[in-house]
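A.B. asks: Here is the input, now give the coordinates:
(chains A and B)
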There are 2 protein chains.
Amino acid sequence: MTRIDPMPNAYRPGAGNLSPEAEAMVARRQALLGPAYRLFYETPLHLVRGQGVWLYDADGKAYLDTYNNVASVGHCHPHVIAATARQAAELATHTRYLHDGVLDYAERLLEHFPPELCHLMFTCTGSEANDLALRLARAATGGTGVIVTENAYHGVTAAVAEFSPSLGAGVALGAHVRTVPAPDAALGDPAARFTADVQAAIDDLIRHGIKPAVLIVDTIFSSDGVHADPKGFLHGAVAAIHAAGGLFIADEVQPGFGRTGDAMWGFQRHGVLPDMVSLGKPMGNGYPVAGLVIRPAVVAEFGAKARYFNTFGGNAVAAATALAVLEVVEGEGLQANAAKVGALFRQGLDDLASRHAALGRTRSAGLFLGTDIVDADGQPDGTKAGRIVNNLRTSGVLISATGKRGHVLKIRPPLVFSAGNVDFFLDRLETVLRAQ
Amino acid sequence: MTRIDPMPNAYRPGAGNLSPEAEAMVARRQALLGPAYRLFYETPLHLVRGQGVWLYDADGKAYLDTYNNVASVGHCHPHVIAATARQAAELATHTRYLHDGVLDYAERLLEHFPPELCHLMFTCTGSEANDLALRLARAATGGTGVIVTENAYHGVTAAVAEFSPSLGAGVALGAHVRTVPAPDAALGDPAARFTADVQAAIDDLIRHGIKPAVLIVDTIFSSDGVHADPKGFLHGAVAAIHAAGGLFIADEVQPGFGRTGDAMWGFQRHGVLPDMVSLGKPMGNGYPVAGLVIRPAVVAEFGAKARYFNTFGGNAVAAATALAVLEVVEGEGLQANAAKVGALFRQGLDDLASRHAALGRTRSAGLFLGTDIVDADGQPDGTKAGRIVNNLRTSGVLISATGKRGHVLKIRPPLVFSAGNVDFFLDRLETVLRAQ
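C.D. replies: Model prediction:
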């Protein structure tokens, strides 16, 4: 199959069956926003409202949101929107003045980390957090080499896009970047293989005169197709980058804040200690706030010779909103819910797979699930996955696809997802599978 | 004078006369946020509330905000905070679904640009906007060379920090970056000199085998000490970069949205047409929203081979908030107010300078003003400027200092500043000058 775009589930202009209204809106969007934007689905979705796990389109049709990991505590959570509104009406200024809010939040958040990880720096996006991590790593190690997985996504700044291969061949990787296969249990012992691959990448960097600075992984390997087990498979690779004088960065922008169920952060499932941890998407439930948690030794050199100021990063409203999100995650027991409901979800998908040949293996941790879609020979089938994603949309359920071949269903609902929501999802999926 | 930090008006730990409470708060901040953060003032300010042009500290003391250009329509403007709260309660999702809000805003904003600049891409910060501009420019020109002024600030991503010399010697400029003096009217005809300097930088890049990609300037040259006149001094430099196959980027993060009084955007004062225009700080009056306005030809190549997605960039709440800000700028006539009150402000500073030898030249456009502080010989005096900034803070007025030598008073109040506010400022400044 030839891909027009490396992005799974991208709308292809002219390909869909659009209403005149949607056609006009797509054209208006093209005229105003230009050619670099992408929409989801064969028939793009026009959303107007969200509440909890539900999104509503312009015709009032409801969709079960089984995809959007930003609105992690549910769309428009009253505790969160109240905190935003309250603080926005009081003060919205920045970190060059003293303010309690940003410190209160940092203190509360850092309680969820091992004691070695005790500084928090604020940015507005996960991209900025990973970009800052790179700057700190270069200063701390004197190196520049970066190792990532072969379909990783870490962000869109110029520096970070250079190590985000999932952006596709149109975005060149840096000469200082090496890619390794994700730790896929289907291909043999992932721990041993991942360690060996990372070591080979380190050796290759050094052979080219490039000092390794960073091994960075999304600890759930979302864009590589979701790889969660067995726990501990990161150990050897982290030891290898440390032995080479480099740092290990856990990108928790997607798996963080309790989603994996087993732990607050994906790296904890694997029993490793990162040098830096980047945070983003669910941190403000939609408010643009992100950050980087750091071991002090890593920022000492940078802090002595340079400063970091992000005008909106850690402003009073960002801090108040993020604190409210954390209070909901803690107060509503969302990590435990992700574990419990995630297990039901996994069981349901495994059951369904026993009856439908199109469903292959599911890999998951909590409410982060990836299910292979396969053809009659059991081979990855990205086209079929795309059809399933679009048919689910028609029947009122939102997910997307991922992986290098776009054949993995990507399932990441808000963490307030219930057992009833799982049943709804499975029922719709089975209907879609039957109609294939 | 030896600078501890290249940042003017930075708090130096241990140097101030702090209350026990402030001392504890600074220590807590250091422990939680680490060593890369900086505070303003010899005695940092602990703010708790803002309203219009006023900020209030923890003791209830009021400060006239003559510095913060983010809260451009005034702190906590009711129309803006209502829009944020309303949209946050309705939907906060992203640009991969269709949504009217982001298109309505783009349409309204683009009406303020020449027709050639007709696409808007959304980011969360000005840094991200300039970083995206660099990515687009590389794709469009095939070049990498960047030309900036010698104390420019354009942002903090890894790529943008490489062309932000005001971050200080601790942050290395890129090998592909050339700096030129800002167009300072005190040093002879700024138009001719700036054109010649930019041409020399282009020639030097080419001599080193580096194809020029970008000339980027903050159109008010804020961190270079504020350089506004004569209008038109950018013409020759823009023609030179175009002739070399490069692009001209107007960084309007600071001067944009009516602040210069003469025009909505600083570049318009100089009668040039940029290829891209970056926007940030005041765009959401504190809500993290920023963007890049682009000529279609500049993004065609990038859009054909790559995509751009910024999870929070242009989300529904960002768009609603930015629209509300624009409505206030238009509805309250803030550009006209900036022109009118800015002229009074300028006149008042010139009058004061005729009576106080410490005040040198003022350069200004609308409510963006820079006033030189000089010693008895008329030479730049950064130490004295620092003292004035700190004494103004004590007497209830907030400004800061800028320029390579930190000797320029940087004055950029919210655009709702009144003639009475100007009188208040001038009265306090005169008292401070008398006490020098």
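
A.B. asks: which residues touch the residue positioned nearest the centre of chain A?
C.D. replies: Taking C-alpha atoms, centre = their mean, the centroid of chain A lies closest to residue A:254, which sits 2.6 Å from it. By C-beta atoms under 8 Å, 6 or more residues apart in numbering or on different chains, the contact list for residue A:254 reads A:69, A:218, A:220, A:222, A:281, A:368, A:412. No exception for glycine: its C-beta is placed from N, CA and C like everyone else's.

A.B. asks: Most neighbours out of these, which is it?
C.D. replies: residue A:412 (29 neighbours; other C-beta atoms under 10 Å in any protein chain shown).

A.B. asks: and that one, what is it in contact with?
C.D. replies: Taking C-beta under 8 Å, 6+ apart, we find residue A:412 in contact with A:66, A:67, A:68, A:69, A:222, A:254, A:259, A:367, A:368, A:369.

A.B. asks: Tell me the confidence at the residue in the stretch 1-150 of chain A that chain B sits nearest to?
C.D. replies: Going by C-beta to the nearest C-beta, chain B is nearest to residue A:35 of the stretch 1-150 of chain A, at 2.9 Å. pLDDT recorded at residue A:35 is 96.

A.B. asks: mind giving me the domain split of chain A?
C.D. replies: For chain A, automatic domain parsing gives the domain ranges A:20-73+A:333-434, A:78-331.

A.B. asks: Point out the most buried one among these.
C.D. replies: Comparing the domains of chain A by mean neighbour count (mean count of other C-beta atoms under 10 Å in any protein chain shown), domain A:78-331 ranks first with a mean of 23.

A.B. asks: Quick one: end-to-end distance for that one.
C.D. replies: Terminal residues of domain A:78-331 lie 14 Å apart, using C-alpha to C-alpha, to the nearest Å.

A.B. asks: Repeat that for stretch A:32-39.
C.D. replies: OK, stretch A:32-39 end separation, C-alpha to C-alpha: 14 Å.

A.B. asks: cool, stretch A:12-28 as well?
C.D. replies: End-to-end for stretch A:12-28, by C-alpha to C-alpha: 16 Å.

A.B. asks: Identify the residues contacting that stretch?
C.D. replies: When contacts are defined by C-beta under 8 Å, 6+ apart, stretch A:12-28 is touched by residues A:4-5, A:11, A:30, A:39, A:41-44, A:46, A:58, B:98, B:100, B:103.

A.B. asks: surely the residue of the stretch 1-150 of chain A closest to chain B meets residue B:301?
C.D. replies: No - contact status for residue A:35 versus residue B:301: not in contact, 9.5 Å apart, counting by C-beta atoms under 8 Å.

A.B. asks: Which parts of the stretch 301-436 of chain A are helices?
C.D. replies: Using DSSP state H, counting those that start in this stretch, the helices of the stretch 301-436 of chain A run over A:316-331, A:334-355, A:382-394, A:419-434.

A.B. asks: Could you say which one of those helices comes nearest to chain B?
C.D. replies: So among the helices of the stretch 301-436 of chain A, helix A:316-331 is nearest, using C-beta to the nearest C-beta, at 6.7 Å.

A.B. asks: is any part of that closest one close to chain B?
C.D. replies: Yes - legend: contact between helix A:316-331 and chain B by C-beta under 8 Å from any C-beta of the partner chain is shown at A:317, A:318.

A.B. asks: residues in the stretch 201-350 of chain A within reach of chain B, list them.
C.D. replies: Neighbours of chain B within the stretch 201-350 of chain A, by C-beta under 8 Å from any C-beta: A:280-281, A:285-289, A:294, A:296, A:299-300, A:302-315, A:317-318.

A.B. asks: Among those residues, name the ones in strands.
C.D. replies: residue A:294 (DSSP state E).

A.B. asks: So which of the contacts of residue A:254 is the closest to chain B?
C.D. replies: Nearest to chain B out of the contacts of residue A:254 is residue A:281 (C-beta to the nearest C-beta; 6.0 Å).

A.B. asks: hang on, isn't the closest one packed against residue A:73?
C.D. replies: No - Residue A:281 is beyond contact range of residue A:73, at 12.0 Å (criterion: C-beta under 8 Å).
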